[in-house]
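# Below are the sequence and a predicted model; questions follow.
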Amino acid sequence: MVHVIRFQNVLSYKEAEVDFYTSTKQEISLLSAFTRGLSPLAAIFGNNASGKSNFIEALAIFKRLVIDSFKEGKLYYFPHLMLHNKDSLFEIIIEVDGHLYHYYLRYNQKSVIKESLSIRKPKKRFRRIFLREGKRLKIGDNFKRSFPLKKEEVDCSYLALPYLYHSGFKPVNPIYNFFQDMIIYLPGKGETTPLFEKALIQIQKGPPELIQFTRRILEMADIGIKDFLMSQERKAFRGIEFIHTFSEEQKIPLSFYEESTGTVILFLLSPHFYQVLRKGSLMALDQIDGNIHPWTWEKILNLFRSPAKNVSQAQLLFSTHCPSVMDSLQKEELWLVEKRQGFSEIYSAKDFVDLKKSADLRRLYLSGKLGAVPGG
């Protein structure tokens, strides 16, 4: 599970930090991180052009750096326009199998400046797995035996983390796998087509449990769809039919292109919901609620909240304009974004000290008392 995500000088943000802690905001104490509760949800609200989508796009950049920089020999550098000559920074703390992993990256357009990965077991101190400064790579003393390479050196044009993963250095596998399993939905950013094509293949080849899960997601929307049919042809969106059932005698098929946009999005995201909930990974969705009814969206949120259905402790981070979603949120799950002097700033409802746990978040938000509204 994710504890903290931080970054600096990425897209419209000078700096940003989101945590999944359920306690009130305080200086992050790594010594108490194991005992603090973690939420499965983080919802980002804000005005148009405030930076909601940019937060999720920053996660996509972070993932691409980890997964693709070594293969492509390229650093994906997207600084704020007013800080184009400054370094960018990414940092994340996650928990996997009872271990905390702290990953840090500072880089610019030309090279990686500093990168490190540390691990901590309960009641133990952090131990450095590796530290890279420029080309110099230093493996932690406790992990040198499993280091498969002769030279402790890495090219500045890509990250050490994927380089070590592909070299067979197993201590980095949990953090690399976390990024590999992360699902990001960014409509309009070129991310959806590969994501949906992958979903189609998963449904075609997936286990019966995945098919049943997809049917349940469609039934959750309460639109009369009880089943679907599809051809086995690769990427054959035209071969999908949704069966609308009005009675035992009256069943009407609608093709993929005749069906509503919201239904199609739910259908194609279902395999990803399934995988995220099964693996306990992170899913980040940008403004999906524009095509999905708030009641249906609330049922999806409840999948992540349910200990019985979210056994692996998956997490969902999403941006939205829909205030009614706030009715099903706790204050620690609510994050708000405002644009100030050209920079996006993200803050938590936990920052409002007088805000009670039972507060009506929607009413307070629409009244402007939480900020992040037009003219606020």
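Great, that's in hand.
# for the chain, longest helix please?
helix 52-72 (DSSP state H).
# so how many other residues sit close to Asn142?
The local packing of Asn142 (other CB atoms under 10 Å) involves 12 other residues. To be clear about C-beta, it is placed using only N, CA and C from the backbone, and glycine gets the same treatment.
# Report the contact partners of the residue nearest to it when sequence neighbours are not counted.
Leaving aside its chain neighbours, Asn142 sits nearest to Arg127 (5.4 Å; criterion: CB to CB, 6 or more residues apart in numbering). Going by CB atoms under 8 Å, 6 or more residues apart in numbering, Arg127 touches Ser118, Ile119, Arg120, Gly140, Asn142, Phe143.
# Looks like Ser281 contacts Leu317 (just checking).
No. Contact between Ser281 and Leu317 fails when scored by CB atoms under 8 Å: they sit 11.5 Å apart.
# following the worst-scoring helix or strand of the chain on mean pLDDT, which helix or strand shows up next?
Least confident helix or strand of the chain, by mean pLDDT, DSSP states H and E, is helix 192-205 with a mean of 82. Remark: after helix 192-205, the chain's next helix or strand is helix 208-220, criterion DSSP states H and E.
# Can you pull out the residues in contact with that following helix?
By CB under 8 Å, 6+ apart, helix 208-220 touches 202-203, 225-228, 242, 263, 266-267, 270-271, 273-274, 296, 299-300.
# which regions of this structure sit below the pLDDT cut-off?
Within the chain, the stretches with pLDDT under 70 are 24-36, 189-192, 222, 232-236, 375-376.
# Spatially central residue in it, please.
Ala284 (3.3 Å; CA atoms, centre = their mean).
# If it is in a bridge, with which residues?
In this entry, Ala284 is beta-bridged to Ile184, Leu317, by DSSP bridges.
# which residues touch Gly224?
Taking CB under 8 Å, 6+ apart as the test, what Gly224 contacts is His244, Thr245, Phe246.
# so who does the second one touch?
In this case it means Thr245. Residues in contact with Thr245 (CB under 8 Å, 6+ apart) are Gly224, Ile225, Lys226, Asp227, Lys251.
# For the residues you listed, which entry has the maximal number of neighbours?
When neighbours are taken as other CB under 10 Å, the top entry among the contacts of Thr245 is Ile225 (20 neighbours).
# Now list the buried members of the contacts of Arg127.
Neighbour-count burial (16 or more other CB atoms under 10 Å) applied to these gives Ser118, Ile119, Arg120, Gly140, Phe143.
# a helix runs through the last one, doesn't it?
Yes. With DSSP: H, G, I helix; E, B strand; the rest coil as the criterion, Phe143 is located in a helix.
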